[in-house]
Structures are given as structure tokens and as C-alpha cells.
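Peer 1: below are the sequence and a predicted model; questions follow.
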Amino acid sequence: MIKGVFFDFDGIIVESTEIKTKAFARLFAPEGQETTKKIVKYHLRNAGVSRYEKFKFIYKEILRRPLSEEESRALCDAFTSLVKEGVIEAPYVKGAQEFIKKYADRYKFFIVSATPQEEIKEIVEKRRIDRYFTAVYGSPWKKSDAVRETLREKKIEARTALFIGDALSDFLAAKDNGIKFIARIHDNEDIFNDVDCLKVRDLTSLSAILAQL
């Protein structure tokens, strides 16, 4: 019987993955079309990794030039300004809002996101869904650590917990903690081609799935 459900946010609760992708393309457009394509490809292949870590990789491995802490903060601030309001206004993934509102009293719900902690909390509050979640985690928390800490603190057995995500980092957070995993498939299908897990296109069938676990 499932007692605790961990949700990634972008692409799981709201349809906001494209907003983040466009922001990366816009930020690095001055680097030229080919370089921007490489950066966007890296971003898409590493969904669930914090923007801070992505910027470090992009500068070291793609742009091959140093990135100071000051420049990194400026990039993070610019990224936030490009995406935050869009994420607040983004539509829900089909079935997500209904499931969260209907079953918040039956399960303990948690958000585990790569978005900075204060930003994801603000987004959740402004969407007026904060009351449905026991805790909201963002970076610098590592997803595996956030799940581990929650299981320990809330005394939830791993066999009664589930993570719903759309990135490899979500799957690994579930695997590292021995909990069940459901992949939400959209344009990320190739990431999960070789991953043995339950896959859904949206969250409309989630209540029925959880009832069987």
C-alpha cells in the first residue's frame, strides 16, 4: 500500500519543460546557432539537474571558458526572470491537479525539484497548491538525499513510497532509495527506452495505478 508520493515538478505537475528549454536557448543565443543547439541538447538530456550545475558544465565542456561565481549567479538570476512567471501560469499536466486535490488526505505528497528551493516554494504557493504538500524540496538538495531524508523523517517505509518523474535523475533518486518509480513520458521517451519501469502519458490513471500497488 502506497503512503508517500514524491513528485518532480516540471513536466509532472505542470507543463513547463518547454519554458525551461526556451530559456536556455535564449540565454545562449549570442554564442551562435550550433553552440546553442549543443547546449539545448545537453539540457534536454539532463533534465532534473539544477541550472547551477548545468551552467558549470556548459562553460567547462561546451564553451570551454571559465565561469566565475558572480557570472554564475547572474546567469541563474537571468534564467529565473525568463521562466518563473511562465511556470506559475503554465497549465497542469492532465490529471495532476485533480489527483493532488482529491488524494492529499490519503497520501503524503512531496515535491522534489531541481529548481532552487525558494523559487519552487514561491511557485507552489502562487499556484495555491502548497497546502497539499507535506514538504517541498529544491536545489541545492540532491534528489536522492531529499527522498532519503523524507523517508527517515516521516517514517515512511521504502516499499510504501513512489516517485513520479520524467528525468533520469528522478529514476535514480527512486532507485537509490529502493522506492517505486513511474515515468511520465512526453518528448523524453528516448531517455527511458532502456529503463524497466511503469510509464504513463499523463496522470489521469494515477489513482487506479496506486490502488494496485
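Peer 2: That came through fine.

Peer 1: partners of the longest strand seen in the chain, with directions?
Peer 2: In the chain, assigned by DSSP state E, the strand with the most residues is strand 108-116. Strand partners for strand 108-116, identified by DSSP bridges, are recorded as strand 4-7 (parallel), strand 135-139 (parallel).

Peer 1: would you turn those strands into CSV with mean pLDDT, mean neighbour count and distance to A90?
Peer 2: Where C-beta positions appear, they are placed from N, C-alpha and C, glycine not excepted. As requested, the strands paired with strand 108-116 are exported to CSV (pLDDT from 0 to 100; neighbours: other C-beta atoms under 10 Å; distance: least, C-beta to C-beta, whole Å):
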stretch, mean pLDDT, mean neighbour count, distance to A90
strand 4-7, 98, 25, 15
strand 135-139, 97, 21, 17
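
Peer 1: right, and those - which one's nearest F163?
Peer 2: Closest approach to F163 among the strands paired with strand 108-116 is made by strand 4-7 (4.3 Å; C-beta to C-beta).

Peer 1: that closest one: what's the following helix or strand?
Peer 2: Next helix or strand after strand 4-7 toward the C-terminus (DSSP states H and E): helix 17-27.

Peer 1: now the angle from that next one to strand 108-116?
Peer 2: Calculated by axes from the mean of the first three to the mean of the last three C-alpha atoms, to 10 degrees, helix 17-27 forms an angle of 10 degrees with strand 108-116.
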